[in-house]
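Undergrad: dropping a prediction and its sequence here:
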Amino acid sequence: MNAEEVELLSDSKYRNYVAAVDKALKNFEYSSEWADLISALGKLNKVLQNNAKYQVVPRKITIGKRLAQCLHPALPGGVHRKALETYEIIFKIIGPKRLAKDLFLYRGMSVFLSHTS
């Protein structure tokens, strides 16, 4: 957690955002089929979009891992599309400077793109 995120923890609305992200991520743990993954991604997307004013994505390491898992080649295209939509939302929220700093977290997308070409 960087200094900016630690400072945001004093904001109760940001803490609610973190709790909502945690709840959305919990949905991935209970996913047993691809439709569950699409639903979990949709819930995560909604939380991210509803809190875009913060320009910070909490639990970004866990989110990056979940997105990489959703881009597994054995999963159907619908899961891939929803995961790519989530990447787009995150990239818009964090902006180019934070993206450059956190790009390693979203490496799952580059692995996926190398399999599709």
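TA: Looks like it came in fine. Because the structure is predicted, anything quoted here is derived from the model rather than measured.
Undergrad: and the helices in this protein?
TA: Shown for the chain, the helices assigned by DSSP state H span residues 3-8, 12-29, 34-50, 60-70, 77-102, 107-116.
Undergrad: so can I have TSV of these showing mean pLDDT?
TA: Shown next, in TSV, are the helices of the chain (pLDDT from 0 to 100):
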stretch	mean pLDDT
helix 3-8	87
helix 12-29	97
helix 34-50	98
helix 60-70	95
helix 77-102	95
helix 107-116	60
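Undergrad: how close does the most centrally placed residue in the chain get to E29?
TA: The chain has I63 as the residue nearest its centroid, 4.1 Å off, counting by CA atoms, centre = their mean. Applying CB to CB, to the nearest Å, the value for I63 to E29 is 14 Å. Glycine gets a C-beta too; all of them are placed from N, C-alpha and C.
Undergrad: next, count neighbours for A19.
TA: Neighbour count of A19, defined by other CB atoms under 10 Å: 12.
Undergrad: my error: substitute N27 in the last question.
TA: With other CB under 10 Å as criterion, N27 counts 17.
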